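**Q** My questions are about this predicted structure, shown below with the sequence.
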Amino acid sequence: MKKITVAIAGLGSRGLETYARCLKQYQGRAELVAIADIRPDRVRVAAERYGIPAEGCYDSVESLLLQPRLADVLFICTPDDLHYQPAVDALKKGYHLLLEKPAARTVAECRHIAALAEEMQRHVIVCHVLRYTVFYQTIKSLIDQGRVGQIMNVQAIERVCYWHQAHSFVRGNWHVAADTTPMILAKCCHDMDMLLWLTDKKAERVTSFGHLTHFTRDCMPQGAAERCGDACPASGNCPYNAQRFYLDTFEKGGDCWPVNVVAPEPTREKILAALAESDYGRCAYRMDNDVVDHQVVNMLLEDDVTIAFTMTAFTATGGRCIRICGTAGEIVADMESNIIRMRPFGGAEEEIDVRKLTSDFSGHGGGDARMISDLLDLLEGKGVSPALTTIARSVESHYVALAAEESRLAGGKVVVLDEFTQQ
């Protein structure tokens, strides 16, 4: 069988460290033939690691897309504000797309990508990787079997974790909403998609509250230095000490995410240089960040289903938990423990240990690799997995997240989705 050829635009944590690695698992089915990034060091590392010849290396997604179509599918892993135009240009070239979330930053852009994909008859798979995890697929199976009856209410929490918030949303690439997207879209369109998928309903109304409360100069420890290190009097007790985050982690053998975001192909010298020069070494209370550190979203779906969703930075560990309340029972599940409890009304509780169903908990609970496998199945003509969805359905999660942000900025006003998406 002919291999599916792949090009990757954007060689950051997702493009280089996640999807390119995933493709190696399927090297009998797929071949990486072209790469693009504005950073020469990333292109060099990727070319050496994956054997990409010079003619397959490009200094930007734009230069890659100036060429005749180079591959069957393009993985767009550029920064959030650089998804829309490359997606449009690639579809016009005839590429299928694996499109990192968020697909785009506005309702109009999302609609345009969906319409163009239909016009060009191309597949666009948005990287909503939670759908592909054994954890959520097991929950979906229980629901589809009718085990909880008719779903009435869902309560879900995303525990971002204190250090992940500081790394990505205070110091990192997503700390200014205007440069990327609001945090509820950047971090939680995963969750919005998963909630709509599990319930199999569309959202009708959304309201939201949230704030940036803690990661501000008002909460800065007294005398805190501009940068973390021995010169900062708060360094010994501060949980956001960047040296502890990155250098200590590296010296204990941790050279993957998030250390390799701060310093690709990390060494002690590279990390020290990054902490001295980049935002990753700055005090978490002295940044110019403006995205929320906690937010709640309430949704009314079709058939009067209600959802209460919380995203918070202020947890000791990361992960997601969910409670699904139906007319015949409830499901209580925690992604950190990988335990799912099915509690039928009037019956015995069933405990499902996801660790007995799979051993792959790499990237997003194994969702990254399974998404790539399902994409290859689709392009090979083997059919569509239950987790795969059209771009038109995928962007519904974006509409919910964008509506939630509009509500939050307006003090929690109720946003009607049908009206919002026609603006």
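**A** Thanks, I have it.

**Q** a strand runs through Q67, doesn't it?
**A** No - counting by DSSP: H, G, I helix; E, B strand; the rest coil, one finds Q67 to be coil, located in no strand.

**Q** which SS state does the closest residue to Y50 other than its chain neighbours fall under?
**A** Using Cβ to Cβ, 6 or more residues apart in numbering and skipping residues adjacent in sequence, the residue nearest Y50 is L32, 5.3 Å away. For every residue, glycine as well, the C-beta is placed using N, CA and C. Assigned by three-state DSSP, the conformation of L32 is strand.

**Q** swap in N237?
**A** Secondary structure assignment for N237 (three-state DSSP): coil.

**Q** Just list the residues touching it, thanks.
**A** Counting by Cβ atoms under 8 Å, 6 or more residues apart in numbering, N237 touches P221.

**Q** Now it, what are its backbone angles?
**A** The phi and psi values for N237, taken as degrees, to the nearest 10, are phi -110, psi -10.

**Q** Roughly how far does it sit from T138?
**A** 41 Å (Cβ to Cβ, to the nearest Å).

**Q** cool, and A71?
**A** For A71, the distance to T138 - Cβ to Cβ - is 34 Å.

**Q** on that earlier part again, what's the local residue count around the residue nearest to Y50?
**A** Neighbourhood size, L32 [other Cβ atoms under 10 Å]: 22.

**Q** let's have the chain start at 445 instead
**A** Got it, the first residue is 445 from now on, which makes the last one we talked about L476.

**Q** Test my guess that it contacts A464.
**A** Yes - with contact taken as Cβ atoms under 8 Å, L476 and A464 are classed as touching, separated by 6.2 Å.

**Q** can you list residues touching both of these two?
**A** The contact sets of L476 and A464 overlap at 452, 494 (Cβ under 8 Å, 6+ apart).

**Q** Contacts only, for R814.
**A** Shown in contact with R814 (Cβ under 8 Å, 6+ apart): 576-578, 804, 831.

**Q** next SSE after the lengthiest helix in the chain?
**A** Secondary structure of the chain per DSSP state H: the longest helix is helix 835-853. Heading C-terminal from helix 835-853, the first helix or strand you meet, by DSSP states H and E, is strand 859-860.

**Q** I'd like the next helix or strand past the helix or strand bottoming out on mean pLDDT in the chain.
**A** For the chain, using mean pLDDT, DSSP states H and E, the weakest element among its helices and strands is helix 806-809, scoring a mean of 62. Beyond helix 806-809 on the C-terminal side, the first helix or strand identified by DSSP H and E is helix 811-823.

**Q** Okay, buried residues for that next one please.
**A** By neighbour count on 16 or more other Cβ atoms under 10 Å, the buried set for helix 811-823 is 811-820, 822-823.

**Q** now, among these, which is nearest to D699?
**A** D812 (18.7 Å; Cβ to Cβ).

**Q** got the contact list for the closest one?
**A** Contacts for D812 (Cβ under 8 Å, 6+ apart) come out as 462-463, 466, 573, 576, 806.

**Q** And R712, by the same measure?
**A** Residues counted as contacts of R712 (Cβ under 8 Å, 6+ apart) are 691, 694-695.

**Q** picking that back up, which strands and helices lie in contact with the longest helix of the chain?
**A** Packing contacts for helix 835-853, counted by 3 or more Cβ pairs under 8 Å, 6 or more residues apart in numbering; DSSP states H and E, involve helix 551-564, strand 568-570, helix 627-630, helix 633-643, strand 647-655, strand 738-745, strand 859-860, helix 861-864.

**Q** Can you add mean pLDDT, distance to R486 and mean neighbour count and give those back as TSV?
**A** Listed next are the helices and strands packed on helix 835-853 as TSV, based on pLDDT from 0 to 100; distance: least, Cβ to Cβ, whole Å; neighbours: other Cβ atoms under 10 Å:
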stretch	mean pLDDT	distance to R486	mean neighbour count
helix 551-564	97	25	17
strand 568-570	96	23	26
helix 627-630	96	21	26
helix 633-643	95	25	24
strand 647-655	99	33	21
strand 738-745	99	32	21
strand 859-860	98	39	18
helix 861-864	97	37	15
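
**Q** Dump those to JSON lines, plus distance to M731.
**A** Listed next are the helices and strands packed on helix 835-853 as JSON lines, based on distance: least, Cβ to Cβ, whole Å:
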{"stretch": "helix 551-564", "distance to M731": "28"}
{"stretch": "strand 568-570", "distance to M731": "29"}
{"stretch": "helix 627-630", "distance to M731": "14"}
{"stretch": "helix 633-643", "distance to M731": "24"}
{"stretch": "strand 647-655", "distance to M731": "16"}
{"stretch": "strand 738-745", "distance to M731": "17"}
{"stretch": "strand 859-860", "distance to M731": "29"}
{"stretch": "helix 861-864", "distance to M731": "31"}
